[in-house]
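Q: sequence first, predicted coordinates after that:
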Amino acid sequence: MSRVPAFPAFAALASIVLAAFAVAIGSGSVALDPAAVLRALVGAGDATARGIVQELRLPRAIAAFATGGSLALAGAILQVLLRNPLADPYVLGVSGGAAAGALLAMLLGAAAWATPIGAFGGALASAALVFALARGSGAWSPIRLLLTGVIMASGWGALVALILTLAPETQLRGMLFWLIGDLSSAPAAWTPLTIAVFGVAAIMPFARDLNVLARGESVAAALGVSVTRLPWLLFALSALLTAVAVTTAGAIGFVGLIVPNGVRLLLGNDQRILLPASALAGGALLLLADTAARLLLAPAQLPVGVVTALIGVPVFLYLLLRER
């Protein structure tokens, strides 16, 4: 049962998302008032304002929203599947696998379309290894899961270090900045948004099954849920969402951890509400974090991963103590 009625909750989230877009598009080295932003969005007004809004700020805002929504949705899926509120693509090494796959494709000089494929392959491989090793032949163990994820993340970190060592100096600085999490040169905006919308649409038919699965595998199996096939399908979906997010903005941590937990505290654990609400809240959070990264040290820009880490580390420690 949700703790807040669904309609007011989604209305509030939609308002926050719109406000985050307004702040992101209107703020910067050239401040634009709401009227100027609206004129630029419809193709009217000053040519300079149109260029700033349509070519720079709007694509970056869409990419930030889609990336945050994808990471939050992936985290919510992993948390309910593993029945562990500490599960997260970054903590479990899935983001590290995606980053290693993408960087390897870059190092080999692969075509631009091959980078997302490399990221997806790395994320899927990392997810499969972590979950298979953490479970073994018994039930899920939160401690074993976290330890396996940390070890896997360390292994991917070593591979990333090797790739950076072998990379040409002309690519090195961009790779390092991208690894921290950077939206200043996002390769696309509509592609990650399309994948995020697809992720929400694909997971919603399984919301009822996830509600049942949260009560335990034996209960879910007795009620007709495919406890062998469903987890792997959803692991693949979470890997796809993580891979697209990493390809778009680099390895941004903690969004998939803190957003689903915050939404769960406010709205309850009904997956029919939690999953889409997490996507909206995650998009809004990363959009605001990216705006702060642009403005805090302007004209210099912080990597957005630094901002999310400053928020996420204390929250993660709190959740870890709460689990004890």
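A: Looks like it arrived, so ask away. Numbering: from 1, shown residues only.
Q: what about Val244, distance to Ala98?
A: Here Val244 is placed at a distance of 9 Å from Ala98 (Cβ to Cβ, to the nearest Å). For the C-beta atoms, the positions are set from N, CA and C on the backbone; glycine is no exception.
Q: more neighbours: the two, which one.
A: Neighbours of Val244 and Ala98, each counted by other Cβ atoms under 10 Å, are more numerous for Ala98; the result is 34 against 29.
Q: what residues are up against the more buried one?
A: Listed by Cβ atoms under 8 Å, 6 or more residues apart in numbering, the contact set of Ala98 reads 89, 119-120, 122-123, 126, 239, 242-243, 245-247, 251.
Q: and the residues you listed as TSV, adding neighbour count, secondary structure and pLDDT?
A: Below are the contacts of Ala98 laid out as TSV (neighbours: other Cβ atoms under 10 Å; DSSP: H, G, I helix; E, B strand; the rest coil; pLDDT from 0 to 100):
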residue	neighbour count	secondary structure	pLDDT
Pro89	36	coil	84
Ala119	29	helix	81
Phe120	23	helix	82
Gly122	29	helix	86
Ala123	34	helix	82
Ser126	28	helix	85
Ala239	26	helix	83
Thr242	35	helix	87
Ala243	31	helix	83
Ala245	35	helix	88
Val246	35	helix	84
Thr247	29	helix	81
Ala251	27	coil	78
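Q: for Leu257, give its distance to Gly51.
A: Using Cβ to Cβ, which is the criterion applied here, Leu257 is 37 Å from Gly51.
Q: actually, Thr148.
A: 48 Å.
Q: isn't Gly28 right up against Leu58?
A: No - taking Cβ atoms under 8 Å as the contact criterion, Gly28 and Leu58 are not neighbours in contact, 11.9 Å apart.
Q: returning to that earlier point: quick one: which of Leu257 and Gly51 has more around it?
A: Between Leu257 and Gly51, counted using other Cβ under 10 Å, Leu257 has the larger neighbour count: 27 against 12.
Q: what's near enough to touch that one?
A: When contacts are counted by Cβ under 8 Å, 6+ apart, Leu257 is found next to 75, 86-88, 90-91, 312, 315-316, 319.
Q: next: Leu210.
A: 77, 80-81, 234, 271, 275.
Q: follow-up on the earlier one: buried subset of the contacts of Leu257 as a PyMOL selection?
A: With 16 or more other Cβ atoms under 10 Å as the criterion, this PyMOL line picks the buried residues out of these:
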select buried, resi 75+86+87+88+90+91+312+316
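Q: let's have the contacts of Leu257 in CSV, adding secondary structure and pLDDT.
A: Output for these, formatted as CSV (DSSP: H, G, I helix; E, B strand; the rest coil; pLDDT from 0 to 100):
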residue, secondary structure, pLDDT
Gly75, helix, 92
Leu86, coil, 77
Ala87, coil, 79
Asp88, coil, 82
Tyr90, coil, 80
Val91, coil, 75
Gly312, helix, 81
Val315, helix, 79
Phe316, helix, 75
Leu319, helix, 70
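Q: can you list the low-confidence ranges for the chain?
A: Applying pLDDT under 70 to the chain picks out residues 1-4, 112, 135-143, 174, 178, 185-187, 323-324.
Q: residues in contact with the residue nearest the centre of it?
A: The structure's the chain has its C-alpha centroid closest to Leu71; by Cα atoms, centre = their mean the separation is 1.6 Å. Leu71 sits next to 89, 241-242, 245, 252, 255-256, 259, 282, 286 when contact means Cβ under 8 Å, 6+ apart.
Q: how about the strand or helix carrying it: buried residues?
A: With secondary structure defined by DSSP states H and E, Leu71 is part of helix 58-82. Applying a neighbour-count criterion of 16+ other Cβ under 10 Å, the buried positions in helix 58-82 are 58-82.
Q: and it, how far out from the chain middle?
A: How far helix 58-82 lies from its chain's middle: 4 Å, per Cα atoms, centre = their mean, to the nearest Å.
Q: can I get the CA coordinates of the next helix-or-strand element following that helix in PDB?
A: Beyond helix 58-82 in the direction of the C-terminus, DSSP H and E gives the next helix or strand as helix 94-107. Backbone C-alpha positions of helix 94-107 (Å, rounded to 0.1, in the frame of the first residue of the first chain) are rendered in PDB as follows:
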ATOM      1  CA  VAL A  94      27.300  -2.900 -13.200                       C
ATOM      2  CA  SER A  95      28.300   0.700 -14.000                       C
ATOM      3  CA  GLY A  96      31.900  -0.300 -13.900                       C
ATOM      4  CA  GLY A  97      31.400  -3.100 -16.400                       C
ATOM      5  CA  ALA A  98      29.500  -0.700 -18.700                       C
ATOM      6  CA  ALA A  99      32.300   1.800 -18.400                       C
ATOM      7  CA  ALA A 100      35.000  -0.800 -19.100                       C
ATOM      8  CA  GLY A 101      33.100  -2.000 -22.200                       C
ATOM      9  CA  ALA A 102      32.600   1.500 -23.500                       C
ATOM     10  CA  LEU A 103      36.200   2.500 -23.000                       C
ATOM     11  CA  LEU A 104      37.500  -0.700 -24.600                       C
ATOM     12  CA  ALA A 105      35.400   0.100 -27.700                       C
ATOM     13  CA  MET A 106      36.900   3.600 -27.700                       C
ATOM     14  CA  LEU A 107      40.400   2.300 -27.300                       C
END
